[in-house]
Each structure stands twice: as structure tokens, then as C-alpha cells.
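J.: please work out how this folds:
(chains A, B and C)
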Amino acid sequence: MANSSGPHNREVPAHPADPLAAPQPRADGIAARAMAARQTNAPAYMEGLNAEQRLAVETINGPVLVLAGAGTGKTRVLTTRIAHILAMGHATAGQILSVTFTNKAAREMKARIGAYIGDSVEGMTWLGTFHAICVKILRHHAELVGLKSSFSILDADDQVRLIKQIIQAEGLDEKRWTAKTFAGLLDSWKNRGLTPSQISAGEAQGFANGLGRKLYETYQERLKILNACDFGDLLLHCITIFKEHDDVLKRFQHRFRYMLVDEYQDTNIAQYMWLRLLAQGNPNVACVGDDDQSIYGWRGAEVDNILRFEQDFPGAVVVRLERNYRSTSYILSAASHLIAHNQGRLGKTLFTDQIESEDEEKVQVTSAWDSQEEARSIGDEIEALQGHGHCLNEMAILVRASFQMREFEDRFVTLGLNYRVIGGPRFYERMEIRDALAYFRCVMQTSDDLAFERIVNTPKRGLGEATLKIVHAYARKRSVPLMIAAAELVQTNELRPKARAVLADVLGMLENWRNRVETISHTELAEIILDESGYTQMWRQDRSAEAPGRLDNLKELIRSMEEFESMAGFLEHISLVMDKDSNAVEDAVSIMTLHSAKGLEFDSVFLPGWEEGVFPNQRALDETGQAGLEEERRLAYVGLTRGRKRVKIWFTSNRRIHGSWQSCIPSRFLDELPADSVEVVEASNSYSGYGLNSAGGGYGANRFDNSDPFQSKYSTPGWQRARKAQASGQQYGRMHGGNQSRRAKKAGPMTIEGELVAKSVTEAGSDFAVGERIFHMKFGYGLIGDIEGNKLTVDFEKSGQKKVLDSFVERA
DNA sequence: TTCTGAGTGCTTTTT
DNA sequence: GCACTCAGAA
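T.: So this is what the prediction gives:
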């Protein structure tokens, strides 16, 4: 706030006096000169751009929407655009607002811009995530929303603990109204930019018998007292400031001469409002996104934002990037056909210039008996590829849900195959890291009650709930933070002598460290804190298996602090940037969810678990119906388009879900792939070929029955180990409990619905006739309207016209 | 205060 | 089927 409008006015004297007025293109203006320059000799950074990309880069003034399909050079366009704006002198680095969703994306963008413009990228102070940028704004204007500029940012864990306290204080049944549920609600309200007074009566009513609004209000009040805010507040407070303080808003509108938003399809309503406010004075907004890759609807992303862009920003230039530079034509065709089943798209068709070559592989679809066999089969494929010189870093297994990962990990451990799991519990979420950070937070901010609660009895000091209750009550009575309350309490006789002494000791230590903040380096102080508090000692004495790892993590934490100037700077970073670069250089297969794969690409992509219920996920279908299905389909699209050279899909006939075995139906998405881009791997190629072999020969075959048809093919070390284990009766024997055991399969062919793909691919004709009345398990009774192979078009009495497979219906 | 057993509920996840 | 949470006993 201090460095307000002065500096950049000088830098860009041509800026109109009224910041709300749209800049007028002038014949002698920079844009015109840029155009002229382009005709003569295009700058180096433009080289290699195709016509559409170039249009997206050069259309600098006015709103632009870039619809960038997967692999069409989206990041390239964004970074080049920034380089172009800077090179043409339209703005200085500090006048460009460039927003991403993840820190990773921000880092990558910065690095790539740096490659074009060198060190001046450091001047891009407004390149970052929505949240990081909001924090920056808020630190300057915190007092406008009742916070001090030193406010702390709560993470999900703190948030839930705080809500829990509030729910308890209200005397609500914590089982019926859980803190987690309310945290979810809060999030959804904040995602939509709603303050307590703005939530609809219905929604306020929905939680805890109408206490929803009150709880929200109480929560916000508590945050103010704690001088803290949650992630949603970062945006919400900014919006409030922008709305209520026109001078502040104007200053930012004036500052941000150009705005760029990455992954626009992922913006939620609050982010959209934020952006709209800033864009009011200045329409130079470029949003880049792909409606087909919108996969975060469940967390508040509004595809509508992208679909509505042209209405929101009149005169917007829409550029479609459809030329794909990543995948083979088979992969693109598969992805395009699949996504074409979605309604409500802006519509793009990916194409490639790559000439179809002999060795291009079709998208492969393979069946497996169960998830174990799936993992084994994929493991073998990976080893085969590795044997042909492909590196593991170029392979990824993308799953729908993280429970699927385990099977692969187990298998790869057996095989001795290097892998890394991406996502999952992150560094900062580990208990020891959170504890250490809580200590630091207590030192840095006496009002951080949540941190204090966390460490006051960690390591165990004999301060029980009883003592804490007294402190809490006192703090509430006096309206002071816990640490202050505790400090006052130890002067009195209200506590038991022992508790009083221990508490005084803890407070003494904190005070001591606090006094040293200015005098010694923050890393040194951190070490002292962990040491003197007895925290490291606690883990050293811990005999459990994970204790050494935790000590390592603490060391790593201190090491990572070195990059920061101060403790405060470090804490700020850690609350916003919770990921830590995994600096693994080792060659390893990546295992991750489809969600976390967005934005990445690999030569070989393995997509297991394409079964109804898993993918598309049953819950998504149940909870959000058609919209849910379409989002699942987009997820499938994202998965397919991650692959450069080969994509291999698996589905299993049986899967254990919530502990019990279920037979599975192949995913409907398989049927939506174009037959001529897909190669269905037959039974002989798979272990038991369940479901793909319509002739029935493969059914029930047990790969351990006799050693034959596979022997030649499966001689990898892992396979041999598996056989050995089988021979000695270990491991595989216990896997199939209950009556779905391997023995049951051995009994011979079984009729399971696993034939869907097989039939739709191989079989022609159906023994039903048009006009017949049939019954379907899910849709009830209906009349057959049309027959196409084994697919029937049925007019159901209750659920209207549907296409179903003949194997799912019977004559009524 | 800490250990133990019963009970529950289970996508996706960034900031 | 497993992992996590919470109530009650030592």
C-alpha cells in the first residue's frame, strides 16, 4: 500500500487519466508498432508458434479467451504472451497480474518466462496463485477487514479444530454435526463468495437445525480474535475490501495493466468475482483454459465461468488451440470420441500433424480378473518397456482413487521396480512438521491459540485437559489469547501447584525464544526450540519404526528454512506453499490420481480400473447425476491425453470395495472409444483374459492351474517370484477369501457381466427383436425400439429412452 | 494420562 | 478390510 500509484505512473506516462476508461488503440500506439514489427522480423520468442498461438499471443489489448485443448501449447502461449507484452513495452513486469492455481504452475511459468526475458522475471511480483496474490494484497490492507497485517493463515487441520471448539461451545451433538462437515460447508460458501449474511436461508437452515449462519458468524469472530484467516478468507476479504474501498480497488485496477489467468475452467465464483472487480477498469484480461479439462467442479470450480466469458467480457476475442503436439493420432481420436459424448461443451476437436506411422500403437484395452492381476499385468508391461530401453520416468499409472494405488505399490515392491507416489500426505501434513511449526508459530505470534494448544503438552508434560480447561475459561472471560491467559494464571493460585509450575516453564521457554528472535539466525533458533522443548528428545526416545524418519523430516525442515530470510518469512511461505519439490532424480514409475496428473505428460500412460462404480465413480454419479458423469468423462479425457506415445487401459472383473468382493461391469467409457483406434488385447495375451474373450475359452482359467500358455511370456523376475510364492502357498492363497475364491473360478465358466466390451467389440446381432417388451434391473420395463449389434435402444416406461446392452435385460 | 477395544465409514484436493 | 476415532478402564 505504501508504494501506491506513484511509481508506475511515471513508468507509463501514456496511461489514461481515468483508470476505468478502456485504453484506446492508437495508430501510432505500441500495438500498431508491434504489428509492424511482426511483419518485418518477428522476435525470437515467437518462433515456432502456429497461427492460432500467435494470435493468442499478439492480441494484447481487450479480453481474450484462449481455449486450449490438451497438449496444444497452452503454457507456451501464456509465457510468450507475457514476454511479448514486456518486449513491446506495454507494461513493466510489476504491472502484469498473472494468476495460476498451484504453486507448481506458478514456478514453472516463472521459470519459462525467465528463459525469455532473463532476470527481469524477478520483477514479476504479481505472478502467483490466487491465494498468494491475495495474501500480498491483504497484508497491506488487513486493517480494512479487522485484521492485523501479521495475521496467520489457518490450514485445514487448524480450521477443523477451531470449528470443533465452536460446535462444542454451542453444545451440539458432535457426531450428528461434525466439524468436518461444517468445514466443507464453509468452504462451499466461501468458494461462492458468500459472507455469513449472504448465505441463503435454506442453506443456513441445513446445518445443526438452523444454526449454520450463526456458526459461520461465530467462526469469523473467532478468527478475528485469533488474528487469523482461512484459505477462503484470503479471497473473500480481498473482495470485501475491493467492494467497500473504491480507492483501494482503483489503485489495483490501475496497477494491473494486463491480467492473465491460467486454468480458467477451474476458477470458482469467488475467484471470478475477484477477477471481475479488478477487470472493471481494464479489459486487458486473457484467460486460458479448457472446458474439457474441468475436473474440479466438486470443489467449487465453475465451468460456467469459461462458458460465459464472451458475455462477461464483450468484444472478447476467442482463440481455439486445437493443434496437438503431444499425442499420437490414435490417442487423440480416442480422447476426442470419448469427450464428444459430453453435452454443454464449447467444442474443440484436437488434431495432429503427425503422420501416422507404422509403429504407432493403438490404445490398448486389457481385462484382468482382479486388481492383483491388473497390477501384475501392468507391472509386466512396464518391465517389458523398460527392457526395450524406455525409462521409468516416462511412465505413469493414473488411478481414479487413491485406494487403487496400493495394489501397484505392493506389486512393484515385489518386483523391485522403482516407483514414486505423487500426491498423498505431504511433507507439511506430517505430525512432526506440524508440531515443529506450531512451536515456531507460538514464538512468533502470541495470539496463535491453535498452535499453543497443539504444543502445550507435546511432548507430554502432564498438562491434562483439566488444566487446559481452566486456561480456556480464563481466556474467554478476559477475551485474551491463551498464552496471555496462561501467563496471568500462573501468577495466581487457581492451578494445581504442579500444573502451575509446568505451565510456567513452557511459557518461560517461549518467552526466552521470543527474546532471541532478533539476535540469532532463524535456523539456529529453530534448532534451539526443538531441542530445548524436548521435542527432538521425544522422538529419539520413541522406539517405533517411523521415529527415525520423523527426526530426518525435522532436519529437512530446518534445512529448508535456510532459504528464507526470517522465521516470519518462512512461516508465510509454508502456509501458502505446502508442497515440497520432490527432488527425486531417480528413474521411477509415477503412480498418481488422474486429478494430480492434469498438466503432466508421459510417453506411456497406464489407466487401470475402468469399471463402472470405480470409473465413473459411483458416488459422483449418485450425488451429481449427469453433471457428475460428464465430469468423470472429462477426467477420462484428461487421463487419455496425458499419453504421448501409448495409452493402455485396464479393467477388472472383480474388485474388492470396502472390504467385500464385487463383480464389476466394464466402464461405459470403454464403449465410447472409437473401435478403430483401440486394440482389445485378447485372452491369450492377458493372464485369464476374463471378459474379453467372448468365445468363453478364457473364462475361469487359472493362471496357476498349469504352467503352460503363459510360461514363455511371463518370465520376469516378479512373475517368477509370484509363482514361487504361489507354489509355497504364500501370499496368493489368502487373497481371495470367501466364496469368490480362486477355487470358485476354477469350477468353470461363469456368467458375469464382464462381457460388455467383448461383446460390443466382437459380437454382432442380438437375439432380441424390435418391439419386444423387456425388463432391465435398473430401468425397469420397456419396449425395444431399435437394435444395433448387442446394443438395444429401449423406451423404458419409467426412465425414458436409453441405450442398454442386451446382456442386462431379459424378456418381460 | 495412557492404553485398549469397539465402532464407523470409506473419491477426487489446492491453497 | 483397514484405518482412524472415541469412550472407558488401569
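J.: so A:E263 sits right up against A:A106, yeah?
T.: No - A:E263 lies out of contact with A:A106 (Cβ atoms under 8 Å); the separation is 11.3 Å. (Glycine included, C-beta is placed from N, CA and C.)
J.: between the two, what contacts are shared?
T.: A:T100 (Cβ atoms under 8 Å, 6 or more residues apart in numbering).
J.: these two: who's more crowded?
T.: Counted by other Cβ atoms under 10 Å, A:E263 and A:A106 do not tie: A:E263 has more neighbours, with 24 against 21.
J.: output the lowest mean pLDDT helix or strand found in chain A.
T.: helix A:742-746 (a mean of 24; mean pLDDT, DSSP states H and E).
J.: other residues contacting stretch A:89-100?
T.: A:8, A:11-12, A:30-31, A:60, A:78, A:82, A:85-86, A:106, A:109, A:117, A:120-130, A:133, A:255-263, A:275, A:278.
J.: buried sites along it?
T.: By 16 or more other Cβ atoms under 10 Å, the buried positions in stretch A:89-100 come out as A:H90, A:A91, A:T92, A:A93, A:G94, A:Q95, A:I96, A:L97, A:S98, A:V99, A:T100.
J.: and the last one, what's its pLDDT?
T.: A:T100 carries a pLDDT score of 94 in this model.
J.: bridging residues for it?
T.: A:T129 (DSSP bridges).
J.: contacts (any at all) between DNA strand B and stretch A:396-411?
T.: Yes - judged by Cβ under 7 Å from any atom of the strand, stretch A:396-411 comes into contact with DNA strand B at A:R400, A:A401, A:S402, A:F403.
J.: the second one contacts A:L594, correct?
T.: It refers to A:A401. No - contact criterion Cβ under 8 Å: A:A401 and A:L594 do not qualify, at 9.2 Å.
J.: in terms of neighbours, single out the busier of the two.
T.: A:L594 (21 against 14).
J.: check the more buried one and give its pLDDT.
T.: For A:L594, the pLDDT comes out at 95.
J.: that one: what's it in contact with?
T.: A:I295, A:L398, A:V399, A:R400, A:L635, A:A636, A:V638, A:G639.
J.: quick one: which two of the residues you listed are the most distant?
T.: The largest separation in the contacts of A:L594, counting by Cβ to Cβ, is between A:I295 and A:V399 at 13.9 Å.
J.: burial measure for A:H140, as a count.
T.: Neighbours of A:H140 under the rule other Cβ under 10 Å: 16.
J.: now do the SS call for it.
T.: helix (DSSP: H, G, I helix; E, B strand; the rest coil).
J.: per-residue confidence at it?
T.: Per-residue confidence (pLDDT) for A:H140: 95.
J.: A:A334 versus A:L670, what's the distance?
T.: 10 Å (Cβ to Cβ, to the nearest Å).
J.: who has more neighbours, the two?
T.: Using other Cβ under 10 Å, the more surrounded residue of A:L670 and A:A334 is A:A334, with 29 against 22.
J.: and the gap between the more buried one and A:A368?
T.: 20 Å.
J.: let me see the contact set for the closest residue to A:D266 other than its chain neighbours.
T.: Leaving aside its chain neighbours, A:D266 sits nearest to A:A301 (4.6 Å; criterion: Cβ to Cβ, 6 or more residues apart in numbering). A:A301 is in contact with A:Q265, A:D266, A:T267, A:N268, A:S294, counting by Cβ under 8 Å, 6+ apart.
J.: who in chain A is up against DNA strand C?
T.: Residues of chain A lying near DNA strand C (Cβ under 7 Å from any atom of the strand): A:E174, A:R656, A:H658, A:G659, A:S660, A:G737.
J.: can you add neighbour count and give those back as CSV?
T.: Shown next, in CSV, are the residues of chain A next to DNA strand C (neighbours: other Cβ atoms under 10 Å):
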residue, neighbour count
A:E174, 12
A:R656, 19
A:H658, 6
A:G659, 6
A:S660, 10
A:G737, 12
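J.: which one of those residues sits closest to A:R619?
T.: Using Cβ to Cβ, the residues of chain A next to DNA strand C come closest to A:R619 at A:H658, 11.9 Å.
J.: for the closest residue to DNA strand B within the stretch 201-350 of chain A, grab phi and psi.
T.: Proximity to DNA strand B, evaluated over the stretch 201-350 of chain A using Cβ to the nearest atom of the strand, is greatest for A:F231 at 3.4 Å. The phi and psi values for A:F231, taken as degrees, to the nearest 10, are phi -60, psi -40.
J.: repeat for A:E672
T.: Dihedral angles for A:E672 - degrees, to the nearest 10 - are phi -90, psi 0.
J.: coming back round to it: using CSV, lay out the contacts of A:L594 together with secondary structure and pLDDT.
T.: Listed next are these as CSV, based on DSSP: H, G, I helix; E, B strand; the rest coil; pLDDT from 0 to 100:
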residue, secondary structure, pLDDT
A:I295, coil, 93
A:L398, strand, 96
A:V399, strand, 95
A:R400, coil, 95
A:L635, helix, 95
A:A636, helix, 96
A:V638, helix, 96
A:G639, helix, 96
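J.: so which of those is the closest to A:L571?
T.: Nearest member of the contacts of A:L594 to A:L571, counting by Cβ to Cβ, is A:I295, at 31.7 Å.
J.: check contacts around the closest residue to that closest one other than its chain neighbours.
T.: What sits nearest to A:I295 in space, not counting adjacent residues and going by Cβ to Cβ, 6+ apart, is A:L635, at 5.1 Å. For A:L635, the contacting residues are A:I295, A:R400, A:L594, A:H595, A:F615, by Cβ under 8 Å, 6+ apart.
J.: among these, name the buried ones.
T.: A:I295, A:R400, A:L594, A:H595, A:F615.
J.: which one of the residues you listed sits closest to A:G549?
T.: A:H595 (26.8 Å).
J.: ok, so of the residues of stretch A:396-411 next to DNA strand B, who is nearest A:D587?
T.: A:S402 (23.2 Å).
J.: how far away is that closest one from A:R326?
T.: Where A:R326 is concerned, A:S402 sits at a distance of 26 Å (Cβ to Cβ).
J.: perfect, I'm done here.
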